[in-house]
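1. Structure for the following, please:
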Amino acid sequence: MAGTLSIRVITPERILLDTTCSSVSFPTVDGSVGVLSGHAPMVAAIGVGELAYKTESGAADSVFVAGGFAEVRDNVVRIVTDTSEPASEIDVERAVKAAERARRRLEQFESSEGEKLDILRARASLSRALMRELIAKKRR
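-> As a prediction, the model looks like this:
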């Protein structure tokens, strides 16, 4: 069908999403990318954030993604990601608690002049937790 593309989100555990849509946007390490039918081929490293897509009927949905890569070719968007979770499955309370834990860890490492790697990991954990919380709250 003209004006559509396929999107597949693949994690180590399962194929999380395999559907047809009219548009998709996803985070890369260099910023957000939007894809419509006929997009030029590309490969990009996935960042932390919301993969948003619109179905052929115009309904919007989203998925949390963190890490991995995206390939766009022949009206197919393949996202192979380390971590992914549909917005509808994100538990807001759990996401808030994870963000609180990550904040405490980050404060602990920064106040004790912890190892740089520990601080970077804590920041990455906080970023993932905050993004999951944001995506979950948008759906409510």
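2. Tell me the bridge partners for Ile79.
-> Taking DSSP bridges as the rule, Ile79 bridges to Val9, Ala70.
3. Identify the residues contacting it.
-> 7-10, 26, 46, 51, 65, 68-70 (C-beta atoms under 8 Å, 6 or more residues apart in numbering). For the C-beta atoms, the positions are set from N, CA and C on the backbone; glycine is no exception.
4. Glu56 versus that one, what's the distance?
-> Between Ile79 and Glu56 the distance is 19 Å, computed by C-beta to C-beta, to the nearest Å.
5. where exactly do the strands run in this structure?
-> Applying DSSP state E to the chain gives strands spanning 5-10, 15-28, 31-36, 42-45, 48-55, 60-73, 76-86.
6. any idea which residue of the protein is furthest from its center?
-> Seen from the C-alpha centroid of the chain, the residue lying at the greatest distance (C-alpha atoms, centre = their mean) is Ser112, 31.3 Å away.
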